[in-house]
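[1] Quick one, what's the 3D model for this:
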Amino acid sequence: VVVDGTYVETPDAPKLPVWRWLTAPFEVLGADGGLTIIVIIIFIILVGGTFCVLEKSGVFRYIITKTIHRFGGKKYLLLAIVSLIFMLLGSTIGLLEETVPLVPIIVSLAIALGWDTLTGLGMSLLSVGFGFAAATFNPFTVVVAQGIADLPIFSGLWLRLIVFVLAYAVLIAFLLSHVKRIEKD
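    Residues are numbered from 1 along each chain as shown. Okay, here's the model as predicted:
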């Protein structure tokens with residue numbers, strides 16, 4: 001709670017030396033919670049290594065090829081399904097930056113379908129962002145916000161579902177118009 005009139009400037013507060021700007025990222029590792037940061041860094045390295053192995057072994061190429069053959073001439077349906085899955089990830093369980101490792105796969109899929117990298121980004125990152133913004137069960141936005149506002153958890157779901165459907169319609173309309181322009185070229 002902000003209390004009016006409680007802000008006070010402290011001009012003799014110690015200043016951080018310029019050289020500590022460069023060492024700060026490493027000093028954080030030794031501070032409280034540094035072990036958590038180290039574990040997250042190791043996890044990111046392992047995930048990146050896993051994706052590298054899957055790419056070098058041809059697994060991603062195989063998955064993309066099988067997906068394209070399975071959907072055949074229904075590539076717009078594939079675009080709608082992939083976008084819906086990513087939107088649901090953001091809307092229901094609050095994933096956002098956790099989907100970043102999946103972006104290269106979706107971008108590769110979009111390129112294999114004859115579209116561009118922006119289409120792949122739209123199918124993945126843009127979709128998950130739309131889902132996060134039009135949250136239905138997102139624990140980070142819906143549950144926390146309703147708890148702060150003293151509202152019953154998940155109340156007003158019908159309104160959030162309407163917003164979700166409208167956001168999905170806008171997203172798909174945008175992506176379809178984008179891929180139609182690309183296909184013209």
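[2] Report the contact partners of Leu77.
    With contact set as C-beta atoms under 8 Å, 6 or more residues apart in numbering, Leu77 has these partners: Phe71. Where C-beta positions appear, they are placed from N, C-alpha and C, glycine not excepted.
[3] Also Gly73?
    Taking C-beta under 8 Å, 6+ apart, one finds nothing in contact with Gly73.
[4] Report the secondary structure element holding it.
    With elements taken from DSSP states H and E, nothing contains Gly73; it lies in neither a helix nor a strand.
[5] Tell me how many other residues crowd Leu96.
    The tally of other residues near Leu96 (other C-beta atoms under 10 Å) stands at 16.
[6] Show me what the worst-scoring helix or strand of the chain on mean pLDDT is packed up against.
    Across the helices and strands of the chain, mean confidence by mean pLDDT, DSSP states H and E is lowest for helix 34-57: a mean of 85. Counting contacts by 3 or more C-beta pairs under 8 Å, 6 or more residues apart in numbering; DSSP states H and E, helix 34-57 packs against helix 19-30.
[7] Could you export the helix it packs on as CSV, CA atoms only?
    Output in CSV follows, covering the C-alpha atoms of helix 19-30 (Å, rounded to 0.1, in the frame of the first residue of the first chain):
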residue,chain,number,x,y,z
TRP,A,19,33.2,-1.6,-12.0
ARG,A,20,30.5,-3.5,-10.1
TRP,A,21,28.1,-3.1,-13.0
LEU,A,22,30.3,-5.6,-14.8
THR,A,23,30.7,-8.0,-11.9
ALA,A,24,27.0,-7.9,-10.8
PRO,A,25,25.9,-10.8,-12.9
PHE,A,26,28.5,-13.0,-11.3
GLU,A,27,28.0,-11.6,-7.8
VAL,A,28,24.3,-12.7,-8.0
LEU,A,29,25.4,-16.3,-8.2
GLY,A,30,27.0,-16.1,-4.7
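[8] tilt between it and helix 34-57?
    90 degrees (axes from the mean of the first three to the mean of the last three C-alpha atoms, to 10 degrees).
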